[in-house]
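Student: Based on what follows, work out the 3D shape:
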Amino acid sequence: MSGDDSGHGQRVNGSNGSNGRSADGARPNRPSLDAFPFVVGCRRSGTTLVRAMLHSHPLLAVPPESRFLVALAPDLNRPWDPAHLVEELLEHDGFARWGLRRPVLRASFRDDPPRTYADAMRRLYTLWAAAHDKPRVADKTPDHVLRIGAITALFPDARVVHVVRDGRDVAASFLELGWVDSIEKAALHWRHRVLTGRQAGALLPSSRYHELRYEDLVERPEPTLKGMCAALDLEFDPAMLRYEKAARTLLRSEAHPHHNRYVTRPLRRGLRDWRRDLPAAAVARFEALAGDALAALGYELRSRTHKPGLRPLLATRPDWLAWHTRKLRRSGREALKGEL
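Tutor: Numbers count the residues shown, from 1 in each chain. Sure thing, here's the model as predicted:
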């Protein structure tokens, strides 16, 4: 991974990595010069499965979610202090799941202080990869779908993999887990995340944004993975199809491993099917609010028409606004900082 070393404190603002691989024995404190993949998407869309497949590659390591990455970014009015960042990281709940030893982290920042915040973040990923004997790293944090501009500005070598899934299947999962109490809330949440991610991706060069459909991954795993690998300057490895063992290990670092119990099993169609799992009336209400996003992604609509005019009306309902605000708070401080 490469980046700009100029400046001190960096503000993360919305706005190609090379494809050389790290040499054996490279210092873990020094970032590689490879593309830096960021896997994003609405939750329950398959990002955990993609993480397990990428981590199964012999060259790539994918740490737990990095909810601190945008949250701890300094603004221009605060002096850049690597030592202070280390203490903030050690106090952050999300960083604890990374399992990096405190003495190792402190020694790395003390002996070779990173010059910028971006370099400091790369250091963390490089240390985690070195602990797993891998030369390359990727990030899987679904909520970064709302911060693609910030991520790609902070890391000029970032490559975004946006995982999308039929929103009706996502909604069925949300309802089963009790994350929402109505199909309307699930529809609006899914639509907002998917379209926000696509809009941000449209502003990037095609070499930096890759859309991956969950359904394609399940039905045609090898060609779908090969397409993703090509976008990441990563040679496909058949080990990616044997992801179950890696998934069992990685789930230990997930906040709610029981939510992803199927990821440790071989791929199988029909684990979730909105035609079976949702009543017709719920499907109609979902399509009335998010049918435009389904159609844009090429998914079939059961209803012949959808009514996008209902969205603004529903979105102003206090109960939906309160729920969405709580959801954003849970996703970390970065979700409430606005466009950085």
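
Student: Quick check: phi and psi at the residue nearest to Ile148 when sequence neighbours are not counted.
Tutor: With sequence-adjacent residues excluded and distances taken as C-beta to C-beta, 6 or more residues apart in numbering, Ile148 is closest to Ala200, at 3.7 Å. (Each C-beta comes from the backbone N, C-alpha and C, glycine too.) Per-residue torsions, Ala200: phi -70, psi -40 (degrees, to the nearest 10).

Student: Equivalent analysis for the one 10 residues further on, please.
Tutor: Note on His210: backbone dihedrals following degrees, to the nearest 10 are phi -130, psi 130.

Student: Dig out what it forms beta bridges with.
Tutor: Under the criterion DSSP bridges, His210 forms beta bridges with Val161.

Student: how about it, what does it touch?
Tutor: Listed by C-beta atoms under 8 Å, 6 or more residues apart in numbering, the contact set of His210 reads 159-162, 227-228, 231-232.

Student: same deal with Asp237?
Tutor: By C-beta under 8 Å, 6+ apart, Asp237 lies in contact with 56-59.

Student: can you pull the pLDDT of it?
Tutor: We have a pLDDT of 97 for Asp237.

Student: repeat for Asn16
Tutor: For Asn16, pLDDT reads 33.

Student: again, but for Ala120
Tutor: On the pLDDT scale, Ala120 gets 94.

Student: for the one 10 residues further on, same thing?
Tutor: At Ala130, the predicted lDDT confidence score is 93.

Student: What of the one 3 residues further on?
Tutor: According to the prediction, Asp133 has pLDDT 94.

Student: Quick check: which element contains it?
Tutor: According to DSSP states H and E, Asp133 maps onto no helix or strand at all.

Student: how far away is it from Pro58?
Tutor: As judged by C-beta to C-beta, to the nearest Å, Asp133 and Pro58 stand 9 Å apart.

Student: Who has more neighbours out of the two?
Tutor: A direct count of neighbours by other C-beta atoms under 10 Å for Asp133 and Pro58 places Pro58 higher, at 11 against 8.

Student: list the contacts for that one?
Tutor: 134, 237, 239.

Student: From the structure, what's the count of residues near the closest residue to Ala202 other than its chain neighbours?
Tutor: The shortest distance from Ala202 to any non-neighbouring residue, by C-beta to C-beta, 6+ apart, is to Tyr209 (7.8 Å). Look at Tyr209: counted by other C-beta under 10 Å, it has 21 neighbours.

Student: Looks like Tyr209 contacts Val160 (just checking).
Tutor: Yes: between Tyr209 and Val160 a contact is recorded at 4.9 Å, counting by C-beta atoms under 8 Å.

Student: so what's in contact with the two at the same time?
Tutor: Residues touching both Tyr209 and Val160 (C-beta under 8 Å, 6+ apart) are 148, 201.
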